[in-house]
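# sequence first, then the predicted structure:
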Amino acid sequence: MARYIGPKTRICRIFGEPILGNGKYLTKNSNPPGQHGGTKKRKAPGEYALQLKEKQKAKYTYGVLERQFRKTFDEAVRRKGVTGENLIKLLESRLDNTVYRLGVAPSRPAARQLVTHKHITVNGEIVNVPSFTLRPGDVVGLKESTQGNTGITTHIRGKNAKFNWLDWSDTEFKGTFIAAPERESVPENIKEQLIVELYSK
């Protein structure tokens, strides 16, 4: 399955945010990539450029490529409610993202690897599709044989308390997807309305 495997710091410098890691190198060099760095005079981006940049930011943040992202957007359009908020809800409902939010993996790429390597179960059944969409009440956990793998369990840090749409049990290595989160609960700095405007052209 295709995914971005290029330099992460370069992407972080494009957006000026640590969207693919802790961003420790941004303190050393936060200039956009390119041979001229921060010395090049850059024109103010136009409307289309801002919309495209926001879409690219969302794609890199959640590890989704163009075709899959477009399908997710189309599903958001079909659902009732605000399209931009539906889009964020669908992206947050992905299995790999939920594994990351539960604190089972230190990053989304690491969570994606756990899923594809069949370490994760949903309602007791092994699911190895990172884009699997969770529904309210679904229980996500580590496979029983994986629970004894210290190489994986030592990286479990537990759920962040601010993610109130998830519940996690340290003793059972299981978490519950309570509901799709409201937009204000999602910390990612994504202006989803610009994405909607881009696809509406």
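Alright, I've got the coordinates. Numbers count the residues shown, from 1 in each chain.

# ok, the closest residue to Q147 other than its chain neighbours - how many residues close by?
Distance criterion CB to CB, 6 or more residues apart in numbering; nearest residue to Q147, sequence neighbours excluded, is F173 at 5.2 Å. For glycine as for every other residue, the C-beta is placed from the backbone atoms N, C-alpha and C. Using other CB atoms under 10 Å, F173 has 20 neighbouring residues.

# what separation do you get for F173 and Q68?
Distance of F173 to Q68, computed by CB to CB, to the nearest Å: 28 Å.

# before we move on, what about N164?
Using CB to CB, N164 is found at 27 Å from Q68.

# so between these two, which is more surrounded?
Q68 (17 against 13).

# neighbouring contacts of the host helix or strand of that one?
Per DSSP states H and E, Q68 falls inside helix 66-78. Helix 66-78 is contacted by residues 55, 58-59, 64, 83-84, 86-87, 89-91, 131, 195, 199 when judged by CB atoms under 8 Å, 6 or more residues apart in numbering.

# give me the buried stretch members for that helix, please.
Going by neighbour count (16 or more other CB atoms under 10 Å), the buried part of helix 66-78 is Q68, F69, T72, F73, A76.

# all strands for this structure, in order.
Assigned by DSSP state E, the strands in the chain fall at 120-122, 125-126, 138-142, 166-169, 174-177.

# which strands and helices sit next to the last one?
Here strand 174-177 is seen to pack against strand 138-142, strand 166-169 when contacts are counted using 3 or more CB pairs under 8 Å, 6 or more residues apart in numbering; DSSP states H and E.

# so where's the chain uncertain?
Within the chain, the stretches with pLDDT under 70 are 1-2, 21-32, 34-42.

# longest helix anywhere in it?
helix 47-62 (DSSP state H).

# please name the nearest non-neighbouring residue to the residue nearest the centre of the chain.
Centroid-nearest residue in the chain, with CA atoms, centre = their mean: Y62, separated by 2.9 Å. Sequence neighbours aside, L91 is the residue nearest to Y62 in space, at 4.8 Å (criterion: CB to CB, 6+ apart).
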